[in-house]
Every structure is written in structure tokens, then in C-alpha cells.
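Participant: I would like to see how this sequence folds:
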Amino acid sequence: MLVATGIFLSRIAGLVRQRVFAHYFGDTLYADAFNAANRIPNYLQNLFGEGVLSASFIPVYSKLLAQGNEEEAGRTAGAVGAILALITSVLVVIGILAAPVLTTLIAPGFQGEKRDLTIVLVRILFPGVGVLVFGAWALGILNSHRKFLLSYTAPVLWNAAIIFTLIFFGRATFAHGAPAVTEHNAALSHLAVLTMWGSVVGCVLQFLVQLPTVLKIAPHLHFALDWARDSVRHVIRNFGPVFAARGVVQISAFIDSMLASWLGNGAVAALNYAQIIYMLPISLFGMSVSAAELPAMSSSIGDEAVVHAQLRQRLTYGLRQIAFFVVPSAIAFLALGDVIVGALYQTGRFHHGDTLFVWGILAGSAVGLLAGTLGRLFSSAYYALRDTRTPLKFAVVRVTLTLALGVLFAFPLPRWIGIDPRWGVAGLTASAGVAGWVEFLLLRRTLEQRIGHADFGFSYVARLWSAAVVSAAIAWLVKLGIAHATRAHVHPAVAAVIILLPYGAAYFALTTAMGISNAKQLLARFRR
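Facilitator: Numbering: from 1, shown residues only. A predicted model of the protein is given here:
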């Protein structure tokens, strides 16, 4: 709950950030440049940041804490931090110097002003993302000590810095109404640069807010390039396969962004708008459960049979908990995506046509939403067992499928069915979803061969899907009723409240009536 609360707050702040960003930049080339620039340094953060450090560092650090060896744990954390500082510093310098090459790689379809602006923004952001990597290091220490809320609410400061920059400088830029086209474009370009500087400030704040607590709960931290320590070597051995697996995943995101850059102005920005929404249930329910379970799984002590029994028990509960919330999220993206997108983004330069376009991309992402969230928990179980190679192997399979299907769905498929080529972006998200299901099934089969069957339950999931579909039908009737009764424009945010509340209430009522244990537990929690 603490992880979910922290993630919820940071994601809500992220949605507010995106709404303000959409208000000023809409679906323009400047939005494309900013979002593409954000992706490039973020690969560094994802490669060296939370996911990799969680999988390689937390199992070792948590085991040392469970054994009562706090001094060794502190020295291990300090050594990992020092090594991370050295590697990240070198990569940041390389990234700044190689920004033109990186821009060509990530967005080969960008030309002229869009490409030039992207290069400038990449160079500004790279040092900030280097600091974010240390935020992930701090998160690993905090999570191992079961200090979840601070680490997952820290990104609120990053979002707040960007929001403040957008509003403060955006209002000043456009205070005197709409300027001429040339001046307007120059103003947007300048605002993009200022916003990126705000992002750098936010990166620093996100790390600094965690640092005092880290120093308090880990008093034995000793920063030194101690490569020879056994526990550090264990972290490094874990780091290699996890780094490679994360790198493979980043290749998939790289491919999506690269292909989208060929699909016209606004495609990259629209993909980013959809991914912000798509990541909300993954973060709230997949990442929160997986993040909370990893240190707990890693701290299991006993013989192999005892450890495997504990893993099966935690997997069963975690999988059902994730599915209870993610299944209705997937159906909502598919059936009610226009309501969600409109409520979050439809303002200023973001119009109804943009809402429909992002809805199509979001609907494509619904294909693999459940698989992507469940797969995270299975990966955490592998990492707790000190097995980092199996997730890497299956990640390679997923990315290979994503590439093959992505090219097919993004380019020839729209022509074959006679739609605007720009809709190929929705094909990218759908192809990633199909590949995600293949990866999930492989992860599940292999792990259960090792530790035994985790009783997820086909009938349980079937009841969740049926409840979500019926609830979506009810919400659609409400949506049609609003359109018929008012015959006038209803603000998207108001419409979302009127439509989505019955959807959620119906799903909760139906699952409770069906005897779903998670619904009953949630009801009991509210009553308490």
C-alpha cells in the first residue's frame, strides 16, 4: 500500500505535468522534440537505475540485513554507489558529446528545426538524469529497509519542478495573446529549453530529498571503489545479466520511438501521451507489488523447499492482487480511452482529434497490459532466487517479436486496411502487447517448473474479465445518455467523472457479488 500510494502520488503529478505540457505544446513538432529528448537520457537512467539496481543490489543488501550484518551491508552500498558514480559520470560526458549521433539513432525521421532542438534538449538533460541514477541507488537502500513511501513519492518533486517551469515561463511567454507564426514557433522552442532546465532541477531535488533518510538508516555507508569485496562482486555478477535484460527492454522502447519518428509530426508525442496513461496501472499495481515483494522474497531463509513454498504463496497472492486492478484498467483503455484521454489532456492546443488519436494508441497498449504487469512479479521472483539470466533470455525473445511485429503493424498494415499511416503508432503498442504475452507465458512456465505451481486460477481471471466487460457496457450506456440528454459540449473532465465512476462502482459491486476475495478484502479495509 505504501509503494502504491507513493507511485500514485508521483503518477498523478506526472499526469498533471503532461496536461500542462499538452496545454502549451499540444501535438506539435516541439512536443515531439521534447519527448524524444527525454527518451534518450532516460535510457541511461533505466539501464543503471531503479530496475537494474533493484534486481542486482536489493537481493544482496536485503540478505545481509536479514543476517544482521549491517556494517557489511553499509560498505556494500557505499561501494556500489562509488562504482555507479564513476560509470555514470563517464557516460554522461559521452552522452553530451554524442548528442547528435544519439538523436539520429533514436529519431532518424527528425529533420531541420526538430532535430536541432532535440540535440540541444538532450545535452541539457543528460547531467540531470545522471543524478536520477543516484536517486535509484537511494531507493534501493530505502526499500531494503522497508522505507517505501519516501522513495516512491520523491518523483513528485521532479514533476513539480517541470510544472512550475511550464506555468511560470509559459504564461510569461504567451501573456500578450497569440504572436505571429514565426514568433510563436520561436517562443515554443525557447519554452522547451526552459522546461528541460526545470527537469534538471527536479532531478537534483528528487535525489536530495531521499539522501538524509538514507544516511540515517544506513550509518555504516562507506564510499570506496571496493571491487574485491565478495558482496560487491555478487552485485556486479547480478548486474551484468540484469543490465543486459534491461538493455534489451530499452532496445524495444528505442525501436518504438524510432519507428514512430517516421510516422509524421505528432506521432512521437502521441505515443508518449499514451504511455504516460498506460504506465499508471503498471506502476500502481505491477511495480508496487513487485517492488514490495522483492526484498521480502530475497529475505527468505531456510532450505530450498521452504523458500520455494514461500515464493509460491507470495506469487499467488501477488498475481491475484495485480489482476484484480489491471483487468478493469485494460478494458477501460480499450472501451473508454477517449473519456480518459480527454479528461487528462484535452485543453489548449490539444484538441478532440488528438484525443481520438491517443485513444487508438492506448487501446493498442491494452493488449499486453495484464501480461506486462504480471511479468514484473515473475521477474522479481527470479531475482530473489539469484537467477538473472532467465529473465534476460525471455526479454530477448520479447524484443525480437516486438521488432518483427512492430514493423509489420506500423507500416504495411495501415496501408492494407486503408487507414491513415499515422495510425501505425497504435500498431506499435499492440505488437508490444502480443510480445509481452509470449514473455509472460515463458516466465511463468519456467519458474513453475522450478518452484512448483502458483495457483493463479483461470476461473478467477475469467470472472474479472466478465465483470469488467459488463461494467464497461454500463459505462457506455451512461456515455450515450450524456450525449443524448445534453446535445451540447460537456467538459471532458466532467464527462469522465460521470462515466468512470459508474464503471468502477459496477466492477467493484460485480466482483464482490462473485465472491472475489480481493474485492471482499478491499471492502473490509474501507469499513475498518
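Participant: so which strand or helix has Met219?
Facilitator: Small correction: residue 219 is Pro, not Met. Under the criterion DSSP states H and E, no helix or strand holds Pro219.
Participant: shaky segments in this protein?
Facilitator: 40-51, 54, 173-184, 243-251, 253, 298-302, 486-488 (pLDDT under 70).
Participant: quick check: domain ranges of it?
Facilitator: 2-456, 457-528 (automatic domain parsing).
Participant: Ala192 touches Val122, doesn't it?
Facilitator: No - look at Ala192 against Val122 with CB atoms under 8 Å: they stay out of range, at 11.8 Å. (Each C-beta comes from the backbone N, C-alpha and C, glycine too.)
Participant: State the helix or strand in which Ser379 lies.
Facilitator: helix 369-384.
Participant: err, Gly68, not the other one
Facilitator: Taking DSSP H and E as the definition, Gly68 sits outside all helices and strands.
Participant: Can you name every helix or strand that the helix holding Ser379 contacts?
Facilitator: helix 50-56, helix 58-66, helix 267-281, helix 288-298, helix 304-345, helix 389-410, helix 424-451 (3 or more CB pairs under 8 Å, 6 or more residues apart in numbering; DSSP states H and E).
Participant: List the buried residues for the last one?
Facilitator: Right, helix 424-451. 424-440, 442-444, 446-447, 451 (16 or more other CB atoms under 10 Å).
Participant: buried set for the helix or strand hosting Pro127?
Facilitator: Under the criterion of DSSP H and E, Pro127 resides in helix 112-144. Under the neighbour-count criterion of 16+ other CB under 10 Å, helix 112-144 has 114-115, 117-144 buried.
Participant: okay, the angle between that helix and helix 58-66?
Facilitator: If you take axes from the mean of the first three to the mean of the last three CA atoms, to 10 degrees, helix 112-144 sits at 20 degrees to helix 58-66.
Participant: Now the element after helix 112-144, going C-ward?
Facilitator: Next helix or strand after helix 112-144 toward the C-terminus (DSSP H and E): helix 148-153.
Participant: quick one: contacts of that next one?
Facilitator: For helix 148-153, the external contacting residues (CB atoms under 8 Å, 6 or more residues apart in numbering) are 2-3, 5-7, 9-10, 138-139, 142-143, 209-210, 213, 288, 291-292.
Participant: From the residues you listed, list the buried ones, please.
Facilitator: Buried members of the contacts of helix 148-153, counted by 16+ other CB under 10 Å: 2-3, 6-7, 9-10, 138-139, 142-143, 209-210, 213, 288, 291-292.
Participant: Phe394 and Tyr382: what is the separation?
Facilitator: 10 Å (CB to CB, to the nearest Å).
Participant: where do the contact lists of the two overlap?
Facilitator: Common contacts of Phe394 and Tyr382 (CB under 8 Å, 6+ apart): Leu443.
Participant: ok, Asp420 touching Ala426?
Facilitator: No - counting by CB under 8 Å, Ala426 is not a contact partner of Asp420; they are 10.7 Å apart.
Participant: Enumerate every residue touching the residue nearest the centre of the chain.
Facilitator: Among the residues of the chain, the one closest to the centroid is Met279, at 4.4 Å (CA atoms, centre = their mean). For Met279, the contact set (CB under 8 Å, 6+ apart) comprises Arg11.
Participant: For Ala430, which non-adjacent residue is spatially closest?
Facilitator: Spatial nearest neighbour of Ala430, excluding adjacent residues (CB to CB, 6 or more residues apart in numbering): Gly364 at 3.7 Å.
Participant: Just give the number of residues close to that neighbour.
Facilitator: Neighbour count for Gly364, taken as other CB atoms under 10 Å: 25.
Participant: Can you classify it by secondary structure?
Facilitator: Assigned with DSSP: H, G, I helix; E, B strand; the rest coil, Gly364 falls in the helix class.
Participant: Which strands or helices does the helix or strand harbouring Leu464 pack on?
Facilitator: Here Leu464, judged by DSSP H and E, is contained in helix 458-486. In terms of contacts (3+ CB pairs under 8 Å, 6+ apart), helix 458-486 is packed against helix 304-345, helix 492-513.
Participant: Mean neighbour count, those: which tops it?
Facilitator: The highest mean neighbour count among the helices and strands packed on helix 458-486, using mean count of other CB atoms under 10 Å, belongs to helix 304-345: a mean of 21.
Participant: Tell me the buried residues in the host helix or strand of Val90?
Facilitator: Element membership for Val90 (DSSP H and E) is helix 70-97. For helix 70-97, a neighbour-count test (16+ other CB under 10 Å) marks 72-85, 88, 91-92, 95-96 as buried.
Participant: name the helices or strands packed onto it?
Facilitator: Contacts defined by 3+ CB pairs under 8 Å, 6+ apart place helix 70-97 against helix 29-48, helix 58-66, helix 112-144, helix 230-260.
Participant: relative to helix 288-298, how tilted is the second one?
Facilitator: What separates the directions of helix 58-66 and helix 288-298 is an angle of 50 degrees, with the same axes, to 10 degrees.
Participant: what packs against helix 58-66?
Facilitator: Where contact means 3+ CB pairs under 8 Å, 6+ apart, helix 58-66 is packed against helix 70-97, helix 112-144, helix 230-260, helix 288-298, helix 369-384.
Participant: ok, 7 Å please
Facilitator: If you count contacts as 3 or more CB pairs under 7 Å, 6 or more residues apart in numbering; DSSP states H and E, helix 58-66 packs onto helix 70-97, helix 112-144, helix 230-260, helix 288-298.
Participant: can I get these in a markdown table with distance to Gly504?
Facilitator: Below are the helices and strands packed on helix 58-66 laid out as a markdown table (distance: least, CB to CB, whole Å):
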| stretch | distance to Gly504 |
| --- | --- |
| helix 70-97 | 41 |
| helix 112-144 | 30 |
| helix 230-260 | 30 |
| helix 288-298 | 19 |
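Participant: Which one of those lies nearest to Ser459?
Facilitator: Ser459 lies closest to helix 288-298 among those, at 21.3 Å (CB to CB).
Participant: Leu356 contacts Val341, correct?
Facilitator: No - contact criterion CB atoms under 7 Å: Leu356 and Val341 do not qualify, at 8.2 Å.
Participant: on that earlier part again, of all the helices and strands packed on helix 458-486, which one comes closest to Ala485?
Facilitator: helix 492-513 (10.6 Å).
Participant: residues making contact with that closest one?
Facilitator: Applying CB atoms under 7 Å, 6 or more residues apart in numbering, the external contacts of helix 492-513 come out as 328, 332, 336, 339-340, 342-343, 346, 464, 467-468, 470-472, 474-475, 478-479, 482, 519-520, 523.
Participant: tilt between the helix holding Val90 and helix 58-66?
Facilitator: Put simply, helix 70-97 runs at 160 degrees to helix 58-66, going by the same axes, to 10 degrees.
Participant: Any idea how far helix 70-97 is from the middle of the chain?
Facilitator: 24 Å (CA atoms, centre = their mean, to the nearest Å).
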